[in-house]
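Undergrad: Here you go, sequence then predicted model.
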Amino acid sequence: MKPEELKSFLDKKKLHFILAADAEPRIHQKRNEDGSENIFIPAGGVSVALDPIAQVANAVFIGRGRTKEDKEVVSRGNKVEIKGDLGNYYLKRVFVSEKERADYYDGYSNQTLWPLCHIAYERPVFERKWFANYQKVNQYFAKAINEEIKPNSFIWVHDYQLSLVPSMLKKPKGVTIGMFWHIPWPTWEIFRILPQKIEILESLLSCDFLAFHRGYQVRNFLDTVRRELEVRIDEETNRIYYKKRVTTVKNLPMGIDVDVIKGLLEDAPAETVITSIVNTFIGKKDKSSKKNILDEFFKKNNVIVGIDRLDYTKGLTSRLVAIDKFFEKNPQYIGKAVYVGIIAPSREAIPSYQKLKAEIKNLIREINLKYARNNWLPIHLIYHTFSREDVIKFYQKSKICLVTPLDDGMNLVSKEFVIASSKEKEPGMLVLSQFAGSAIDLTDALIVNPYDIDEVADAIKTGLVMSKEEKVRRIRSMAEELENKNIYVWTQEFVKSALEATR
């Protein structure tokens, strides 16, 4: 589906589209030297993925402002107009105090809900003061949404940070409330320990329609509400009847904007932040050299890449151990294969993330000492905030992309890699965790259990020795699947399902 087709569908429905997510798709930073606006588009995440949808729908997008420049550019109602190739929309920013942000985001969202929902062996922390400010920030979002509600409004709330928002919304006749929960939903045995479980469940059941990426997450949710609340569930339609409200639940794996990735391939800049960092670790000092640094790097090495946000759910330490095992089992690749880990800083105020960062650095140091040869090191870490433009060459040129989360709602990196690699005559290969939501779509990847170190190490070798014909077949098959189930198809299916649920 093309964006024009989605736009035609939405126009016929005459919906007033309101999107809400914690992150914002545009971040205003200090102005450029010539006085022009400096707008940063993050490399990934829910909000960036929703940006083309906001454009097509001419929506109001409600997100949390980050910088002082974010505050300076907004007009009345905390809005700023965002102009895009597919259309324009208003970004309406919610601003919170530093204490509120710390409790709501670093605290309850990411030290309570995040580890609770990801079965990655990080114990959730329960602090009542965190929940108090979590409630307060959710109220700010709900107030911002309520101010925008008009007849025939379609309200689409996203993710665990805003789980209380649905219960705080006005619901005049003709208004539809939908929510997408992007992270895994755990089993009832895990979820039941949450002190505020009833408040969250009742809020989610304030929606007309609730969706998850995968079927098992829907089943976990249905089992949870069945055990915690006096509900009636229609097993055929997944409709939940509770306190005179009806909520339909469904799994809808999220797609990506394939055309955006293709466009980046065509317009990728020769010099990026990542290029300059690569320049330092491959020892190229001559800035006057006409050779493309990255192209030379890819020609010289079998590049294995990992592109992640710093998070214990991503399986980063297990991945490094698997790379160690790969070199141990395949010494012929010493000096000929290189792992480049591109890691975006994340939630650095949280102790478990600080600990993870130190563990990763120590592991890399040990592995590099073990295998170092002359000027060659097996592992290079790029710890830097990056954009899609920065990493597109790695998607395109790497021999292997490792996506090995221990638990992941979807994982869009795996899908972006497939599209970028599919444009190459000799594509790379994707090694993908069976616990990533994207594994349900990308069945021609080398699917692994990330806890099985030998299996991951062997999959790396398999990907490197796989024939060109086999790689082309697999990658093109997956790319076709992503073309057929892109983000516009996903959006239309969500909107259709939510409107049907209100009937």
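TA: Arrived safely. Treat the numbers as computed from the prediction; the structure is a model and nothing was measured.
Undergrad: Phi first, then psi, for the residue lying closest to Ala144 once chain neighbours are set aside.
TA: Nearest residue to Ala144, sequence neighbours excluded (C-beta to C-beta, 6 or more residues apart in numbering): Ile62, at 4.9 Å. Where you see a C-beta, it was placed from the backbone N, CA and C, and this is true even at glycine. When read as degrees, to the nearest 10, the backbone of Ile62 gives phi -100, psi 120.
Undergrad: Quick check: Ile62 vs Arg26, distance?
TA: 13 Å (C-beta to C-beta, to the nearest Å).
Undergrad: okay, these two: which has more neighbours?
TA: Neighbour totals were compared for Ile62 and Arg26, and Ile62 leads with 30 against 21 (other C-beta atoms under 10 Å).
Undergrad: From Lys136, how far out is the more buried one?
TA: Distance, Ile62 to Lys136, by C-beta to C-beta: 16 Å.
Undergrad: do Pro151 as well
TA: With distances taken as C-beta to C-beta, Pro151 is found 29 Å from Lys136.
Undergrad: Compare the two (neighbour count), which wins?
TA: Set Pro151 next to Lys136 and count neighbours by other C-beta under 10 Å: Lys136 wins out with 15 against 10.
Undergrad: Grab the nearest non-local neighbour of that one.
TA: Distances taken as C-beta to C-beta, 6+ apart put Glu100 closest to Lys136, at 6.1 Å, once the chain neighbours are dropped.
Undergrad: and what of Tyr104?
TA: Nearest residue to Tyr104, sequence neighbours excluded (C-beta to C-beta, 6+ apart): Val137, at 4.1 Å.
Undergrad: ok, back up a step: which residues does the residue nearest to Ala144 form beta bridges with?
TA: Beta bridges link Ile62 to Ala20, Lys92 when assigned by DSSP bridges.
Undergrad: any idea how far it lies from Ile177?
TA: Ile62 sits 14 Å away from Ile177, taking C-beta to C-beta as the criterion.
Undergrad: before we move on, what about Glu366?
TA: 51 Å.
Undergrad: Neighbour count: the two, which is higher?
TA: Shown here are Glu366 and Ile177; by other C-beta under 10 Å, Ile177 has more neighbours (26 against 12).
Undergrad: Phi and psi next, for the more buried one.
TA: Residue torsions, per degrees, to the nearest 10, at Ile177 are phi -120, psi 120.
Undergrad: isn't it right next to Ser203, touching?
TA: No - with contact defined as C-beta atoms under 8 Å, Ile177 does not count as touching Ser203 (10.5 Å).
Undergrad: List the contacts of the host helix or strand of Ala49.
TA: In the assignment (DSSP states H and E), Ala49 maps to helix 46-57. Outside helix 46-57, the residues that touch it by C-beta atoms under 8 Å, 6 or more residues apart in numbering are 3, 6-7, 10, 15, 17, 19, 21-26, 41-42, 59, 61, 63, 82, 84-89, 158-159, 182, 254, 256-257, 260, 412, 487-488, 491.
Undergrad: rerun that using 7 Å as the cut-off
TA: 3, 6-7, 10, 17, 19, 21, 23-25, 41-42, 61, 63, 84, 86-89, 158-159, 182, 256-257, 260, 412, 487, 491 (C-beta atoms under 7 Å, 6 or more residues apart in numbering).
Undergrad: Let me see the mean pLDDT of it.
TA: Computed over helix 46-57, the mean pLDDT rounds to 94.
Undergrad: Number the chain from 50, please
TA: Yep, numbering from 50; the last one is helix 95-106 now.
Undergrad: what about it, distance to the chain center?
TA: Relative to the chain's own centre, helix 95-106 is displaced by 13 Å; criterion: C-alpha atoms, centre = their mean, to the nearest Å.
Undergrad: Then stretch 200-210?
TA: Distance, stretch centre to chain centre, for stretch 200-210: 18 Å (C-alpha atoms, centre = their mean).
Undergrad: Which positions within that stretch qualify as buried?
TA: Of the residues in stretch 200-210, 202-210 count as buried by neighbour count, 16 or more other C-beta atoms under 10 Å.
Undergrad: In JSON lines: the residues you listed, plus distance to Glu279.
TA: Compiled in JSON lines, the buried residues of stretch 200-210 are given as follows (distance: C-beta to C-beta, whole Å):
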{"residue": "Ser202", "distance to Glu279": "30"}
{"residue": "Phe203", "distance to Glu279": "30"}
{"residue": "Ile204", "distance to Glu279": "27"}
{"residue": "Trp205", "distance to Glu279": "28"}
{"residue": "Val206", "distance to Glu279": "25"}
{"residue": "His207", "distance to Glu279": "28"}
{"residue": "Asp208", "distance to Glu279": "27"}
{"residue": "Tyr209", "distance to Glu279": "24"}
{"residue": "Gln210", "distance to Glu279": "28"}
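Undergrad: would you turn these into JSON lines with distance to Asp83 and secondary structure?
TA: Listed next are the buried residues of stretch 200-210 as JSON lines, based on distance: C-beta to C-beta, whole Å; DSSP: H, G, I helix; E, B strand; the rest coil:
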{"residue": "Ser202", "distance to Asp83": "40", "secondary structure": "strand"}
{"residue": "Phe203", "distance to Asp83": "40", "secondary structure": "strand"}
{"residue": "Ile204", "distance to Asp83": "39", "secondary structure": "strand"}
{"residue": "Trp205", "distance to Asp83": "37", "secondary structure": "strand"}
{"residue": "Val206", "distance to Asp83": "39", "secondary structure": "strand"}
{"residue": "His207", "distance to Asp83": "35", "secondary structure": "strand"}
{"residue": "Asp208", "distance to Asp83": "37", "secondary structure": "coil"}
{"residue": "Tyr209", "distance to Asp83": "40", "secondary structure": "helix"}
{"residue": "Gln210", "distance to Asp83": "36", "secondary structure": "helix"}
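Undergrad: For the residues you listed, name the two members farthest from one another.
TA: The most widely separated members of the buried residues of stretch 200-210, counting by C-beta to C-beta, are Ser202 and Tyr209 (22.9 Å).
Undergrad: follow-up on the earlier one: tell me which residues touch the residue nearest to Lys185, please.
TA: Contacts for Glu149 were tallied using C-beta under 7 Å, 6+ apart; they are 182, 185-186.
Undergrad: Report the secondary structure state of it.
TA: Look at Glu149: counting by DSSP: H, G, I helix; E, B strand; the rest coil, its state is helix.
Undergrad: now Gln188
TA: Secondary structure, three-state DSSP: Gln188 is helix.
Undergrad: How about Ile88?
TA: strand.
Undergrad: Give me the phi and psi angles of the residue nearest to it when sequence neighbours are not counted.
TA: Using C-beta to C-beta, 6+ apart and skipping residues adjacent in sequence, the residue nearest Ile88 is Arg75, 5.2 Å away. As for Arg75, its main-chain torsions (degrees, to the nearest 10) stand at phi -140, psi 130.
Undergrad: Can you give me the distance of Arg75 to Asn287?
TA: According to C-beta to C-beta, Arg75 stands 35 Å off from Asn287.
Undergrad: quick one: contacts of the helix or strand of the chain with the lowest mean pLDDT?
TA: Lowest by mean pLDDT, DSSP states H and E among the helices and strands of the chain is helix 322-330, with a mean of 75. Contact with helix 322-330 is made by 342-343, 346, 391, 429, 431, 433, 435, 439-440, as judged by C-beta under 7 Å, 6+ apart.
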